[in-house]
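> Turn this into a structure:
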Amino acid sequence: MSAWGRIVKKALFPENGTCPVCGRVLFSRDHFLCSRCQEDLPLNQGETCLICGRHLINGEAIRCRDCSQVVDLGFQAGCVWLDYTENAKPLVYGMKFQGRRGLCHWVGQQMADMVMAAPWFSEIDRIIPVPLHESRLSERGYNQSMEIAQGLSREIEVQTGQIIPAAEGLVRIVPTPHQIGQSRRERLKLLSSVFENSPEVDVRGQRVLLVDDVITTGATLRACATALLSAGAQTVFIAACAGGGA
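As a prediction, this is how the structure comes out:
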């Protein structure tokens, strides 16, 4: 498509022209969900895992099942904005597969209050997203986790004046298939030696907030945290748009 064609397409069909959850037409470019779907978002409330921040289910005490089964998680603590239910899945799908970069930024902005309320917020030096492999990045055109991280960084600066930079501090050196339907053990095996620290970002001695769109078993975040710690990061915390599968 020509440059002029892209301009016309963007004008006629803005990325946030419809609600990603229900498909209703949005009449303002400042809105990324319709009011009804925004009100129905499954916020992660109540008791949460002390480590990953996901919602605890019946029978779980302090840690979720996944965090209880792993001795060294790599990350110290975290928080999750939404429960990964049927209402949240179209939102995540829109960020990943529908080119809704503005939606990613909006999600990052919504996550800011949650992150700033975390007891470890004052310790954060840098925000780093979970990376895509270059082949998938080329296919998609953007890394949704980086877009979320940028929205989060910007909103923190707006609200507090504090600048916590978001940067691509990790590289996915091995392409991996989509992990839908895989067990925690399968994901851990698949993700070993997949990530490494980017030579352009020095994390030595830094306390890093690792950002992703979804946490299911925590395997991806664990692998990323391990890579950051191996590169000299002092501590790793995590934040995700949605979490489930605990």
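> residues contacting the residue nearest to the spatial centre of the chain?
For the chain, the residue nearest the mean C-alpha position is Asp212 (2.1 Å; CA atoms, centre = their mean). Contacts for Asp212 (CB atoms under 8 Å, 6 or more residues apart in numbering) come out as Pro129, Val130, Ser145, Thr220, Leu221, Ile238, Ala239, Ala240, Cys241. Heads up, the C-betas are built off the backbone N, CA and C, glycines and all.
> Which ones among those map onto helices?
Ser145, Thr220, Leu221 (DSSP state H).
> for the residues you listed, which one is nearest Asp66?
Closest approach between the ones in helices among the contacts of Asp212 and Asp66, by CB to CB: Leu221, at 10.6 Å.
> residues contacting Leu103?
Taking CB under 8 Å, 6+ apart, one finds Glu15, Asn16, Pro20, Phe32, Leu91, Gly94, Met95 in contact with Leu103.
> Same check on Ala166?
The neighbours of Ala166, taking CB under 8 Å, 6+ apart as the test, are Arg126, Ile127, Ile128, Pro129, Met146, Ala149, Gln150, Leu152, Ser153, Val211.
> go again using 10 Å as the cut-off
108, 126-129, 145-154, 156, 209, 211 (CB atoms under 10 Å, 6 or more residues apart in numbering).
> Buried residues, stretch 166-177. List them.
By neighbour count on 16 or more other CB atoms under 10 Å, the buried set for stretch 166-177 is Ala166, Ala167, Glu168, Gly169, Leu170, Val171, Arg172.
> again with stretch 32-45
Applying 16+ other CB under 10 Å to stretch 32-45 flags Phe32, Leu33, Cys34, Cys37, Leu41, Pro42, Asn44 as buried.
> Tell me, domain by domain, which residues of this structure belong where.
Domains of the chain are assigned by automatic domain parsing as 10-40, 44-176+184-243.
> which stretches of this structure form helices?
Under DSSP H, the chain gives helices at 3-12, 35-39, 65-68, 89-97, 101-117, 134-140, 144-160, 184-191, 219-230.
> For stretch 43-55, output the C-alpha coordinates as PDB.
Extracted C-alpha coordinates of stretch 43-55, given in PDB (Å, rounded to 0.1, in the frame of the first residue of the first chain):
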ATOM      1  CA  LEU A  43     -10.400  -5.900  37.400                       C
ATOM      2  CA  ASN A  44      -8.000  -8.000  39.500                       C
ATOM      3  CA  GLN A  45      -9.500  -7.400  42.900                       C
ATOM      4  CA  GLY A  46      -9.500  -9.200  46.200                       C
ATOM      5  CA  GLU A  47      -6.700 -11.600  47.400                       C
ATOM      6  CA  THR A  48      -3.700 -11.800  45.100                       C
ATOM      7  CA  CYS A  49      -0.600 -13.900  45.000                       C
ATOM      8  CA  LEU A  50       2.200 -12.400  47.100                       C
ATOM      9  CA  ILE A  51       4.700 -13.000  44.300                       C
ATOM     10  CA  CYS A  52       3.100 -12.600  40.800                       C
ATOM     11  CA  GLY A  53       0.000 -10.600  41.800                       C
ATOM     12  CA  ARG A  54      -2.500 -12.800  40.100                       C
ATOM     13  CA  HIS A  55      -5.900 -13.400  41.700                       C
END
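> Near Glu86, how many other residues are there?
Residues within reach of Glu86, counting by other CB atoms under 10 Å, total 8.
> what bits of this protein have low per-residue confidence?
For the chain, the stretches with pLDDT under 70 are 1-15, 59, 176-190, 192, 245-246.
> can you rerun that using 50?
Of all residues in the chain, those with pLDDT under 50 make up the ranges 1, 6, 9.
> Leu56 versus Asp83, what's the distance?
Note on Asp83: its distance to Leu56, by CB to CB, to the nearest Å, is 11 Å.
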